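K.L.:
kindly return the folded structure for what I paste below:
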Amino acid sequence: MVRFSIGDTMGVETAGAPLEFTPRFDITGPAVTVAEYSDMAGRERLLGWTFGSTQWLWAETDDVHFDADSRELAGVRFAVPTRSTTTAHRLPDGPPIHPSGLRADSTHPFDLPQTTVFHYDPEPAELRCAQTPDLLAAVPDARIGIARDLTLLVHEGRMTGWTLTNAAHHLTHGLTDPDP
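P.N.:
Residues are numbered from 1 along each chain as shown. Modelled structure (predicted):
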């Protein structure tokens, strides 16, 4: 079990299985969504039975939804930042990926600021997003695989970014399923 915080006020622990939904890398957003909905009506239904860091108009937060009854992870939507960085070398991998779901400590809403910088490494076909450039190249303390090819990066007990591997396999327009 790994414990860490998401945002400033939500504690979570690894529990259960990763999300079963296929990540959708919406290039019109751009954002990565892993949830059971495929249209706005489905997203509205999800909001009815979950709690989390739902983005409101003009807020720059990412969406992480937990089931209101079980407190287990139900879906995520991470915005891809507009600022990129380049590096002459491959970013560090860190510890092995720990595939798992998440369980929230409580059922209160929280803020999860969006990441601010990204790097795409074609060698391992990885899109990596982090809160700051120094965290982008830092070796994470833990890597939590919350869905196929989607991993949270944890530093010093808090989520500081995420990665999507095989990003081209997850490309889509809008909320439709990807067609590699």
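
K.L.:
which stretches of this protein aren't confidently modelled?
P.N.:
For the chain, applying pLDDT under 70 flags the ranges 54-59, 87-90, 175-180.

K.L.:
in the longest helix along the chain, what's buried?
P.N.:
Longest helix of the chain, by residue count under DSSP state H: helix 40-49. Using 16 or more other Cβ atoms under 10 Å as the test for burial, helix 40-49 gives Arg43, Leu46. In this view, the C-beta of every residue, glycine as well, is placed from N, C-alpha and C.

K.L.:
need the residues that contact the helix or strand following it.
P.N.:
Next in sequence after helix 40-49, counting helices and strands by DSSP states H and E, comes strand 50-52. Residues outside strand 50-52 that contact it (Cβ atoms under 8 Å, 6 or more residues apart in numbering): 63-68, 74-75, 104, 107-110.

K.L.:
switch to 10 Å and redo it
P.N.:
6-7, 10, 35, 46, 61-69, 71-76, 104, 106-110, 112 (Cβ atoms under 10 Å, 6 or more residues apart in numbering).

K.L.:
out of the residues you listed, which sit inside strands?
P.N.:
Ile6, Met10, Asp63, Val64, His65, Phe66, Asp67, Leu73, Ala74, Gly75, Val76, Ala104 (DSSP state E).

K.L.:
before we move on, back to that, need the buried ones from the contacts of strand 50-52 selected in ChimeraX.
P.N.:
Provided next is the ChimeraX selection string for whichever of those are buried by 16+ other Cβ under 10 Å:
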select :6,7,10,35,46,61,62,63,64,65,66,67,71,72,73,74,75,76,104,110,112
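
K.L.:
ok, Thr86 - contacts?
P.N.:
Listed by Cβ under 10 Å, 6+ apart, the contact partners of Thr86 are His119, Tyr120.

K.L.:
do Arg103 as well
P.N.:
1, 11-16, 66-67, 70-73.

K.L.:
just give me the closest of these to Thr28.
P.N.:
Distance to Thr28, by Cβ to Cβ, is smallest for Leu73 among those, at 24.9 Å.

K.L.:
ok so, going back, gap between the longest helix of the chain and the chain center?
P.N.:
Distance of helix 40-49 from the chain centroid (Cα atoms, centre = their mean, to the nearest Å) equals 18 Å.

K.L.:
and it, what does it pack against?
P.N.:
strand 63-67, strand 73-79 (3 or more Cβ pairs under 10 Å, 6 or more residues apart in numbering; DSSP states H and E).

K.L.:
ok and it relative to strand 63-67, angle-wise?
P.N.:
For helix 40-49 against strand 63-67, the angle between stretch directions is 60 degrees (axes from the mean of the first three to the mean of the last three Cα atoms, to 10 degrees).

K.L.:
contacts for helix 40-49?
P.N.:
Under Cβ under 10 Å, 6+ apart, the answer for helix 40-49 is 33, 35-37, 39, 52, 54, 63, 65, 67-69, 74-75, 77, 174-175.
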